[in-house]
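Student: Quick one, structure for this:
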Amino acid sequence: MVKHIVLWKLLDENKQANTDRMASELTALVGKIEGLISMEVGPIFPEGSEFDVVLCASFKNTAALQYYQNHPLHLACVDFIRSVTVKRTSADYDTEKAGSAARPADQVPDVPVFAAAPPFDPAANSSAVFRDPPSFVPGSPFVPPPFAPPPFAPPAANVSRPEPPVVEVTRPQPPVAEVTRPQPETVPFAPASTAPVPPPFFNPAFSPAPLAFVPPFAPPPFVPEQSGFSPAPFTTEPPAAPSPVLDAQPAAAPAPFTPEPPAAPSPVL
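Tutor: Numbering: from 1, shown residues only. This is a model prediction of the structure:
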């Protein structure tokens, strides 16, 4: 089963009459639209809430809810509702996917209503701020006693205390020495000349010489005939002949090796 809940905010003009007409026209759709199981429409309390009228309808399934929203009888009611409301919100949910618990109404005990809560006595139990009333029944909601402000205590009388005398101490001021400084002699300013001063780095008598164009330097071409230089021909010198004196002298033969005899021992040693 699918639940369809709608909240409306009505215009201030004819609010009660429009609420009654909306309830009568919407509840009359039960039995005329397939899939619509039940519908409840009524005002919201307390007055001054964000919305004024609530609708709670039950449908067989989601397809039945979509069929209801597009049915001509429902659309006829929608035209009137839009003309007398300024705000709307809605919510849908599937009861098979939602947790639920129910109890027969005749088995639900009434909520006990206390005529008046007893006054709070701080001396009876100073550690408890809220106490259950004497007629409290276990399992019933707790109703705290009304707040009792503390007793009013008048402020203490103003006690005037004498102010201590104020002693004025006068300290002598040191003498102020006046120092007179001679003023420098003022010399009147007299301009040296009234002729206009030419601007700096300007001489009207100076005229620069015209700039002469100097072509770049090009050396003359080198001519060997005119220079008078003739290189000597290159000749190859023959190898020098061997000297006959050095070549005719035979090579010296090495002297034969003669070992020296060992020295005789000294008789002293």
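Student: the strands in the protein, which residues?
Tutor: Ranges of strands in the chain, per DSSP state E, are 2-10, 36-43, 53-59, 85-94.
Student: Show me the shaky parts of the stretch 1-150 of the chain.
Tutor: Within the stretch 1-150 of the chain, the set of residues satisfying pLDDT under 70 comprises 112-145.
Student: now do 80
Tutor: Across the stretch 1-150 of the chain, the ranges flagged by pLDDT under 80 are 110-150.
Student: Going along the chain, name the helices of it.
Tutor: Along the stretch 1-150 of the chain, the segments classed as helices by DSSP state H, counting those that start in this stretch run 15-27, 62-69, 72-84.
Student: other SSEs contacting the second one?
Tutor: Helices and strands touching helix 62-69, as assessed by 3 or more Cβ pairs under 8 Å, 6 or more residues apart in numbering; DSSP states H and E, comprise strand 2-10, strand 53-59. The way it works is simple: take the backbone N, C-alpha and C, and place the C-beta from them, glycine included.
Student: ok, 10 Å please
Tutor: If contacts are counted by 3 or more Cβ pairs under 10 Å, 6 or more residues apart in numbering; DSSP states H and E, helix 62-69 sits against strand 2-10, strand 36-43, strand 53-59, helix 72-84, strand 85-94.
Student: what's the first-to-last distance across stretch 40-59?
Tutor: Distance between the two ends of stretch 40-59: 12 Å, counting by Cα to Cα, to the nearest Å.
Student: about what we covered before: using JSON lines, lay out the strands of the chain together with mean neighbour count and distance to residue 22.
Tutor: Below are the strands of the chain laid out as JSON lines (neighbours: other Cβ atoms under 10 Å; distance: least, Cβ to Cβ, whole Å):
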{"stretch": "strand 2-10", "mean neighbour count": "18", "distance to residue 22": "8"}
{"stretch": "strand 36-43", "mean neighbour count": "16", "distance to residue 22": "6"}
{"stretch": "strand 53-59", "mean neighbour count": "19", "distance to residue 22": "6"}
{"stretch": "strand 85-94", "mean neighbour count": "12", "distance to residue 22": "9"}
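Student: Reformat those as CSV; add distance to residue 26.
Tutor: Formatted as CSV, these follow (distance: least, Cβ to Cβ, whole Å):
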stretch, distance to residue 26
strand 2-10, 9
strand 36-43, 5
strand 53-59, 6
strand 85-94, 13
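Student: With respect to residue 69, which of the ones you listed lies nearest?
Tutor: Between residue 69 and these, the tightest spacing by Cβ to Cβ is seen for strand 2-10, at 8.8 Å.
Student: Quick check: neighbours of the closest one in the sheet, parallel or antiparallel?
Tutor: Strand 2-10 has the following strand partners under DSSP bridges: strand 53-59 (antiparallel), strand 85-94 (antiparallel).
Student: So which of the ones you listed is nearest residue 172?
Tutor: So among the strands paired with strand 2-10, strand 85-94 is nearest, using Cβ to Cβ, at 86.4 Å.
Student: any idea how far the residue lying closest to residue 94 once chain neighbours are set aside is from residue 71?
Tutor: Of all residues not flanking residue 94 in the chain, residue 2 sits nearest, at 5.6 Å (Cβ to Cβ, 6 or more residues apart in numbering). Separation of residue 2 from residue 71 (Cβ to Cβ, to the nearest Å): 15 Å.
Student: same deal with residue 13?
Tutor: 29 Å.
Student: Looking at the two, which one has more neighbours?
Tutor: When residue 13 and residue 71 are compared for neighbours, residue 71 comes out ahead with 17 against 8, by other Cβ atoms under 10 Å.
Student: Apart from its chain neighbours, what residue comes closest to the more buried one?
Tutor: residue 33 (5.1 Å).
Student: In contact with the one you found, which residues?
Tutor: Neighbour list for residue 33: 39, 59, 64, 67-68, 71-74 [criterion: Cβ atoms under 10 Å, 6 or more residues apart in numbering].
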